[in-house]
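Novice: When you get a sec, could you give me coordinates for this:
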Amino acid sequence: MDDKLMISFIIPVYNAQNTIKKCVDSILAIEYENIEVIVVDDGSTDKTAEILKSFDTDRIIVIYQENKGVSAARNLGINNAKGKYISFVDADDYIISGEFAKFLKDVQQDRDFYMYAYESREKDQIRKITLPVAPGIYGHDMAEKMGDRLYDCPFSRNYKSDYFGGKVYQYLFLTDFLKKNHILFLEDVHYTEDTLFCLTCFKYTKKFEVKDTCLYVYEVLEDSASHRFREEFWDEMIMAYDRACLIMNREIGHRNELYFHFGNYNIHCIVKRFSGISAYFECRRRIKKMVYNTLFHTAILHMEFTDWTRKEKIMIFLYRYRLVPCIYWLYQLRNVRKRMPGG
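Specialist: Numbering: from 1, shown residues only. Now for the predicted structure:
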């Protein structure tokens with residue numbers, strides 16, 4: 001790529017005083033001169049703003065807005081981006097600077113977007129996320145297939161789906177492609193908004209390229225928003241899935257298996273959030289509400305796969321017959337084992 005072409009890195013940030021410096025430094029360390037870093041501070045109340053002011057470079061543009069959510073912050077970044085290409089970075093993650101510099105040398109202007117690999121890091125464990133397709137240049141037909149698979153979820157060993165690219169931070173997007181097709185983040189969706197954004201890109205792309213280079217590090221933080229209990233989690237996930245089907249004008253993924261996954265994860269978060277003895281009855285009440293949810297229970301009754309592990313068979317049985325006390329104690333046992341050395 002010609003060094004004269006600008007790359008815009010967009011970072012939505014909310015109360016990230018412990019991570020934002022490392023994130024920004026990793027981008028500034030890329031050996032490519034024409035870079036702008038657009039940081040949208042989404043109403044932070046900690047020292048994030050103070051840290052951002054400490055950077056002595058005109059390559060950083062800080063935009064402040066009242067708290068509207070990550071989608072609104074990213075959209076504001078898109079609207080202010082001057083770069084030929086856009087990369088989205090989360091404030092608690094970082095770029096692999098040297099590899100990104102090498103990658104930019106090969107970027108061509110006729111790709112709607114690039115997809116690349118990334119690493120997931122949780123404490124001392126590092127895992128490279130498998131790419132959904134082999135490296136290469138693809139057209140609209142492959143994008144349609146990938147769109148159909150975005151909502152596949154490998155929750156079971158018999159579920160043969162691989163990860164299919166629903167994380168917005170593993171892409172470099174052509175700015176004109178986004179703006180020409182009016183592709184923005186849905187601000188009324190608060191969970192999997194990045195998946196819907198990627199899905200829309202798959203719908204409109206005519207040419208994209210997949211690279212097997214690891215350019216990004218996703219830090220798995222236990223207290224991050226995606227790992228916390230959310231009151232509206234189930235409703236948000238169902239709404240997002242329905243929106244995904246509307247975007248593609250057909251049903252995608254496997255609805256029953258997805259509903260099982262959403263409900264199962266919701267119960268996991270409920271037990272983790274209401275884990276004390278004093279919260280015992282509240283926890284059971286919430287589990288009961290979930291297992292008696294019509295959509296969830298119907299999905300359990302119509303699961304298509306049969307090659308389950310023993311643990312999976314036990315869980316399906318408990319859900320199918322709505323054995324709330326057993327579900328509660330099974331999850332408590334899981335949590336105790338995880339807290340034990342070697343658990």
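Novice: buried ones in the longest strand along the chain?
Specialist: If you go by DSSP state E, the chain has its longest strand at strand 207-219. Going by neighbour count (16 or more other CB atoms under 10 Å), the buried part of strand 207-219 is Lys207, Phe208, Glu209, Val210, Lys211, Thr213, Cys214, Leu215, Tyr216, Val217, Tyr218, Glu219. For every residue, glycine as well, the C-beta is placed using N, CA and C.
Novice: Neighbours of Ala279, how many?
Specialist: Ala279 has 15 neighbouring residues, counting by other CB atoms under 10 Å.
Novice: With Asn264 as the reference, measure out to it.
Specialist: Applying CB to CB, to the nearest Å, the value for Ala279 to Asn264 is 20 Å.
Novice: Equivalent analysis for Ile327, please.
Specialist: Taking CB to CB as the criterion, Ile327 is separated from Asn264 by 10 Å.
Novice: Of those two, which one has the most company?
Specialist: The residue with more neighbours, out of Ile327 and Asn264, is Ile327; 22 against 18, by other CB under 10 Å.
Novice: How about that one, nearest residue that isn't a chain neighbour?
Specialist: In space, and not counting its chain neighbours, Ile327 is closest to Leu318: 5.0 Å by CB to CB, 6 or more residues apart in numbering.
Novice: Can you name the residues that contact the one you found?
Specialist: Shown in contact with Leu318 (CB atoms under 8 Å, 6 or more residues apart in numbering): Cys326, Ile327, Leu330.
Novice: looking at this, it is in a helix?
Specialist: Yes: with DSSP: H, G, I helix; E, B strand; the rest coil as the criterion, Leu318 is part of a helix.
Novice: Secondary structure element for Ile287, which one?
Specialist: helix 280-291 (DSSP states H and E).
Novice: which helices and strands sit right next to that helix?
Specialist: Applying 3 or more CB pairs under 8 Å, 6 or more residues apart in numbering; DSSP states H and E, one finds that helix 280-291 contacts helix 255-273, helix 324-339.
Novice: now the helix or strand that it is followed by: mean pLDDT?
Specialist: Proceeding N to C from helix 280-291, the next assigned helix or strand is helix 294-301, under DSSP H and E. Summarised as a single mean, pLDDT over helix 294-301 is 96.
Novice: ok, residues contacting helix 294-301?
Specialist: 234, 238, 255-260, 262-263, 290-291, 316, 319-320, 322.
Novice: Can you tell me which of the residues you listed are classed as buried?
Specialist: 234, 238, 255-260, 262-263, 290-291, 316, 319.
Novice: out of these, which one sits closest to Asn80?
Specialist: Closest approach to Asn80 among those (CB to CB): Ile238, at 33.1 Å.
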